[in-house]
Every structure is written in C-alpha cells, then in structure tokens.
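Colleague: requesting a structural model of the entry that follows:
(chains A, B, C and D)
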Number of protein chains: 4
Amino acid sequence: MVRPVPFRFPVEVRYLEVDRQGVVFNMWYLAYFDDAWTAFLGEGGLPYPSMLRDGHDLRLVHSEIDWLGPLGFGEPAEVRVGVARIGVSSITVQFELWSADRLVATATTVYVVVEVAGSVASPIPETLRGAIGDVAPLRA
Amino acid sequence: MVRPVPFRFPVEVRYLEVDRQGVVFNMWYLAYFDDAWTAFLGEGGLPYPSMLRDGHDLRLVHSEIDWLGPLGFGEPAEVRVGVARIGVSSITVQFELWSADRLVATATTVYVVVEVAGSVASPIPETLRGAIGDVAPLRA
Amino acid sequence: MVRPVPFRFPVEVRYLEVDRQGVVFNMWYLAYFDDAWTAFLGEGGLPYPSMLRDGHDLRLVHSEIDWLGPLGFGEPAEVRVGVARIGVSSITVQFELWSADRLVATATTVYVVVEVAGSVASPIPETLRGAIGDVAPLRA
Amino acid sequence: MVRPVPFRFPVEVRYLEVDRQGVVFNMWYLAYFDDAWTAFLGEGGLPYPSMLRDGHDLRLVHSEIDWLGPLGFGEPAEVRVGVARIGVSSITVQFELWSADRLVATATTVYVVVEVAGSVASPIPETLRGAIGDVAPLRA
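Modeller: Numbers count the residues shown, from 1 in each chain, chains lettered A, B, ... in the order given. Next up is the predicted model:
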C-alpha cells in the first residue's frame, strides 16, 4: 500500500455549513472526519460499501475535538488522518484539520467493529486491518 | 430562577438523521446538545437571539462524546444538561442523552464567550452568568 | 380521527440551520416538511415506524417550493399540512410555512408508496389511507 | 470563458446523507445543487466569497425537483448545470443529477439577486452576468 503518511483529504466547505457567525458550525467537523476516514480506508483498498457487503461496519464510540480557530466559507481546508492504535475490536484514529498552514482543529475518535446484522463488537477483520496498514499517530 | 436540576430537553429524532445502520449518525448529537444548551439558556432567562443582540456569542472550543448505545428513529430521547464549571471566559457543560431509562451518550463541551464583532475571548457577561445559575454537574 | 384541519406543526429553527445571510438555508425546509408530514401521519394514527414495520415506505418523487420571505433564528415557525390528492399509489401534499401571521413559503410534494424491501410503487395501504383521512387542500 | 457546456460537477455522496432506506435523503439534493451552482460561478470567474465581498448575494425563491430513481452510498454522481433564463434581477437554473448514465433527478431553481446588507431584489451585477455567460438550457 502506497498511501502517503499522513493521509491528506481535501475538504470543500459548503455554504450551508457556515452559520451566522460566518464559521463552520461545530457538528460538520464530524462529517469531515467521517468523510476523511472513509477515503482513508478506500485509499487503503477497502471501499466502505465493500466492507458493508462483507457484513462489517464501524460504530463511533468516542470522539474528542479541540477547536483552535474558526474556518470560513471559501477557505482552503484539509483533513489529515493517522491511526494511533489498533485493538482487538477497536481502532483509535487521530485527525487534524488544516487551513493552509493554520491548524484549525484536532480530534481523536474511537471506532468499534460491529456486524451489520447486529450491534455486538467483533474482532477487526483482516480486510480492514490490511486497509489500515501500520499504526502512524499524528501526535503523541 | 426555577429551572429544574438537571435541565431536561426533549429530542425528536428526525428521519433524515438516521443512517443506513438505522441509528442516528454521530454528528447530530452535537446538534441535539446545541439545541439543549440554547433551551437551557432561554429557560434561564437569556434567549440566544438576545445574547447575540447584546454583542456576545459562544464558541465551542472542546467537545467529548461517549456513545454507550444506538438511538433509532421513533425512540424517545431526552438531553439532560448540567453546568460543571464556570471560568473567567469559559463554561464547561455536561450533557447526557437518555432514551427512556437507557443512557445513550454522555458528553462534555467547553464554550468560550466571544464578541459577535470579533473572535477574541471576553469575560462572561452578567446576563449570561445569571442565566446559567449555579454550577450543578451531572457527574464527577 | 379528530386531527384539526389544517394540521399545524410547530418548528423550532436550529442555530445550525441559519446561514451567514442570517436566514434558514433552503434545504432545511424539506426537513421541516418531512417532520410535519411524519407528525401528520402519526396524529392520524400511523406512526412512521409502524408503517415501516408493516413493510411500506414513502418515497418523494416531486417537490416544489416557493419562498416568499426569509426565516431567522428565534422566529416563530409553523408548518401547515393539507393533502391535495390521493391517487392509486401516490399522495400529493401541500405545505405552508408561517412565521406568526407571515407566510414564508409554500410547497407541494408528491410521495409514492413503495415496499421497504424494494423500490416498486405499490397501492396505498388501508392503514395509510386511514391515517391521511379526507382530502383537504390548503389552496387551489 | 472556457467553461464546458453543460457544466459538470462531481458529487461524493456522504455516508450521513443516506437514510435507512439506503438512499440519499431528499433535502441533500438541494445541497448538491447549491454546491454545483457555486462551482459554476467560480468556474466562470466569480468565486462566491468575492460576490459577497462585492455586496451581492443570491436568494433562492423557487425550486422544483423531480426524482426519477434513488442514489445510494458509493454510487457515482454528477450534477450538470445550465442557465435557462436571465431576467432583470432573477436567474433560472436547470440541474440534472446523473449516476453514470442513469438520470436520477432533474431540477429547476430561481435565484434573485439581493444586497448583502438588506433583502431587496437588485439588478444582476455585471460581474455575475459575466460569470454566468450565455444562456444554455439543459432541456426545453
């Protein structure tokens, strides 16, 4: 797998995501991170629809976000993704949102693998482990 | 102020918020907490539009969410709100999302007071302090 | 069925739905109308989750919206719902969004009944017909 | 201006936009069309933030959408944009959403030019007229 480290995912801020303060409303960052994570897995060889067809899904069990500054409409934006830890059935992922050379937000999320048909945690399947590749945290 | 402790805010899950897993997609929890926080302040005597007219706004600088289970369409849902800490210019708020007697998610967010015209942190105005009332954490 | 005519559904504008123009972004009106339609059916005795469990769903095939003015954060809002036509497998519904005594938007949507398991149009089931009640257009 | 006719804008369906029917929820089409329209103007030399800085904005006054079929997660999607009519202060735009060679939805929207500072309709500014270019409807 030749995915660059860290993985970078461009974000185009939607007009509708910007609130009357003129900045992206907080919840949309979770959408950006979700999009970036999906692209990360796709780039690693596991498109999300394939994973679903294989009967696996990922459920978010924890997220932490720190906002360092605002992001406005028309500003450049990029999410960087790094996997910080792979457990038996959980994966810890770090995100950073950059606007050019300004760090806008950092985040950490934890996903648990579940079966599509149910909601019990299950071991990380090999296809997913392969798509993730090596652990490569963005920060300590 | 006679707001009950903890403050409870009913949530009606929208059909569009439920993803193909059949559960509310993660980002909408931030919408629920934002709605509940706005209602909390309104109940305390400070409708959000009034605060904006007074030149103050709140910016989210930190959020942490833990999901304990899923929430589906048509299920009852209620957000409970408690203020855990009031600093010079920041407010730490705890949230819980309950579906009947099942705890679905817990969250902590930190808001900073900013001037509407700019983005510099400013001291918590008296109107806001009054609307918040006493510190009353939901949990340690 | 004692549902008033027209059916009225209160809307609370979310902070996040308001864009940098200070008005509700257009797409959220479709969310309001969907919420109001779901409430209309629920009030008529058919909660949406029940309809889904019965194997029926509704798919939007047409919508038309006219905006007469803006809707801001903190402004009162109410959706009025009236069914204009019931066909073999389709239902034409009229909506109006009022802010106090100001008409903000009018809309007409057409739904087609489909089976949950597929996407072929099917005749309107009796439970749905009962929940809709009589045709009662809001306007010509 | 060398913008191709019709203008084509790629859409990446977000996981969160897909509902429990497994298809994109209706309101997101308005987001796609808004994104495509913004890109259309940018491609024509008028980035939306520039137009706002010039004191002009566009308000949607009418939209009509016909859905011919569903759009699922992971499916290719492209919006095609054509301007059907330019009036004194209004612009009529046609959209089509294609998934590969399948036409998923058609839409027509009408925008009115307003001043950012107010909400009165104003004549179409030259910069906007230039960015739009010639009238080129997608269909009769």
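
Colleague: count the neighbours of A:Asp101 for me.
Modeller: 6 (other CB atoms under 10 Å in any protein chain shown). Where C-beta positions appear, they are placed from N, C-alpha and C, glycine not excepted.

Colleague: state the pLDDT value of it.
Modeller: For A:Asp101, the pLDDT comes out at 96.

Colleague: ok, now how distant is it from A:Tyr29?
Modeller: Plainly put, A:Asp101 is 19 Å away from A:Tyr29 if you go by CB to CB, to the nearest Å.

Colleague: how near is the closest residue in space to A:Leu128 that isn't next to it in sequence to A:Arg8?
Modeller: In this structure, A:Leu128 finds its nearest non-sequential neighbour in A:Leu46, 6.2 Å apart by CB to CB, 6 or more residues apart in numbering or on different chains. The gap separating A:Leu46 from A:Arg8 is 18 Å, by CB to CB.

Colleague: so what secondary structure elements neighbour the helix or strand of chain A with the lowest mean pLDDT?
Modeller: Across the helices and strands of chain A, the lowest-confidence element by mean pLDDT, DSSP states H and E is helix A:48-53, at a mean of 90. Here helix A:48-53 touches helix A:27-43, helix A:126-132, going by 3 or more CB pairs under 8 Å, 6 or more residues apart in numbering or on different chains; DSSP states H and E.

Colleague: what's the angle from the longest one to helix B:27-43?
Modeller: In terms of direction (axes from the mean of the first three to the mean of the last three CA atoms, to 10 degrees), helix A:27-43 departs from helix B:27-43 by 170 degrees.

Colleague: helix A:27-43: how far from the chain's middle?
Modeller: Its chain's average C-alpha position is 4 Å from that of helix A:27-43, according to CA atoms, centre = their mean, to the nearest Å.

Colleague: equivalent analysis for the last one, please.
Modeller: A distance of 15 Å separates the C-alpha centroid of helix A:126-132 from that of its chain, computed with CA atoms, centre = their mean.

Colleague: so is A:Val79 in a helix, a strand, or just coil?
Modeller: When classified by DSSP: H, G, I helix; E, B strand; the rest coil, A:Val79 comes out as strand.

Colleague: that one and A:Trp98, how far apart?
Modeller: Per CB to CB, A:Val79 is found 8 Å from A:Trp98.

Colleague: same drill for these two, tell me which one is more crowded.
Modeller: For A:Val79 versus A:Trp98, neighbours defined as other CB under 10 Å are more numerous around A:Val79 (26 against 17).

Colleague: grab the nearest non-local neighbour of that one.
Modeller: A:Val79 sits nearest to A:Ala36 (CB to CB, 6+ apart), 3.8 Å away.

Colleague: on contacts alone, who are the packing partners of the one helix or strand A:Val113 maps to?
Modeller: Element membership of A:Val113, judged by DSSP states H and E, is strand A:102-115. In terms of contacts (3+ CB pairs under 8 Å, 6+ apart), strand A:102-115 is packed against helix A:27-43, strand A:56-67, strand A:90-99.

Colleague: now the angle from the first one to strand B:56-67?
Modeller: Using the same axes, to 10 degrees, the direction of helix A:27-43 lies 40 degrees away from that of strand B:56-67.

Colleague: measure the residue nearest the centre of chain A to C:Ile86 for me?
Modeller: Centroid-nearest residue in chain A, with CA atoms, centre = their mean: A:Trp37, separated by 3.2 Å. With distances taken as CB to CB, A:Trp37 is found 44 Å from C:Ile86.

Colleague: interface residues of chain A facing chain C?
Modeller: A:Tyr15, A:Leu16, A:Val18, A:Asp19, A:Arg20, A:Gly22, A:Phe25, A:Met27, A:Phe73 (CB under 8 Å from any CB of the partner chain).

Colleague: export those to TSV and append columns for distance to chain D, neighbour count and secondary structure.
Modeller: Below are these laid out as TSV (distance: CB to the nearest CB, whole Å; neighbours: other CB atoms under 10 Å in any protein chain shown; DSSP: H, G, I helix; E, B strand; the rest coil):
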residue	distance to chain D	neighbour count	secondary structure
A:Tyr15	6	19	helix
A:Leu16	6	23	helix
A:Val18	10	24	strand
A:Asp19	15	22	coil
A:Arg20	13	19	coil
A:Gly22	10	14	coil
A:Phe25	14	23	coil
A:Met27	10	23	helix
A:Phe73	6	20	coil
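
Colleague: A:Asp66: what's it in contact with?
Modeller: Counting by CB atoms under 8 Å, 6 or more residues apart in numbering or on different chains, A:Asp66 makes contact with A:Ala105, A:Thr106, A:Ala107, B:Val61, B:His62.

Colleague: who has more neighbours out of A:Leu46 and A:Arg8?
Modeller: Between A:Leu46 and A:Arg8, counted using other CB under 10 Å, A:Leu46 has the larger neighbour count: 21 against 16.

Colleague: need the residues of chain A near chain D, please.
Modeller: Counting by CB under 8 Å from any CB, chain A sits next to chain D at A:12, A:14-16, A:31, A:34-35, A:38, A:47-49, A:73-74.

Colleague: and the pLDDT at the nearest residue to A:Gly45 once chain neighbours are set aside?
Modeller: Nearest residue to A:Gly45, sequence neighbours excluded (CB to CB, 6+ apart): A:Ala131, at 5.2 Å. Listed pLDDT for A:Ala131 reads 94.

Colleague: pLDDT score assigned to the residue of chain A most remote from its centre?
Modeller: If you look at how far each residue of chain A sits from its centre, by CA atoms, centre = their mean, the farthest one is A:Arg20, at 26.4 Å. For A:Arg20, the model assigns a pLDDT of 87.

Colleague: go ahead and confirm it touches C:Asp19.
Modeller: Yes - applying CB atoms under 8 Å as the test, A:Arg20 and C:Asp19 come out as touching, 7.1 Å apart.

Colleague: between those two, what contacts are shared?
Modeller: Contact criterion CB under 8 Å, 6+ apart; residues shared by A:Arg20 and C:Asp19: none found.

Colleague: show me which residues of chain A sit near chain B.
Modeller: Going by CB under 8 Å from any CB, the residues of chain A near chain B are A:20-21, A:26-28, A:30-31, A:34, A:57, A:59-67, A:69-70, A:116, A:119.

Colleague: picking up where we left off before, separate out the buried members of the residues of chain A next to chain D.
Modeller: Buried residues within those, defined by neighbour count using 16 or more other CB atoms under 10 Å in any protein chain shown: A:Arg14, A:Tyr15, A:Leu16, A:Ala31, A:Asp34, A:Asp35, A:Thr38, A:Pro47, A:Tyr48, A:Phe73, A:Gly74.

Colleague: how about the second one, what does it touch?
Modeller: If you count contacts by CB under 8 Å, 6+ apart, A:Tyr15 has them with A:Phe73, C:Asp19, C:Arg20, C:Phe25, D:Asp34, D:Asp35, D:Thr38, D:Tyr48.

Colleague: how about the second one: what's its closest non-neighbour residue?
Modeller: Nearest in space to C:Asp19, with sequence neighbours left out and distances taken as CB to CB, 6+ apart, is C:Phe25 at 4.5 Å.

Colleague: state the distance from the one you found to C:Arg14.
Modeller: From C:Phe25 to C:Arg14 the distance is 11 Å (CB to CB).

Colleague: and if you look at A:Ile91?
Modeller: Applying CB to CB, the value for A:Ile91 to C:Arg14 is 31 Å.

Colleague: and if you look at A:Val11?
Modeller: 22 Å.

Colleague: same question, A:Gly87
Modeller: Applying CB to CB, the value for A:Gly87 to C:Arg14 is 36 Å.

Colleague: now A:Arg85
Modeller: 35 Å.

Colleague: same thing with A:Leu16?
Modeller: With CB to CB as the criterion, A:Leu16 and C:Arg14 are 12 Å apart.

Colleague: do A:Asp34 as well
Modeller: Distance from A:Asp34 to C:Arg14, by CB to CB: 20 Å.

Colleague: what of A:Ser63?
Modeller: The value you get for A:Ser63 to C:Arg14, if CB to CB is used, is 20 Å.
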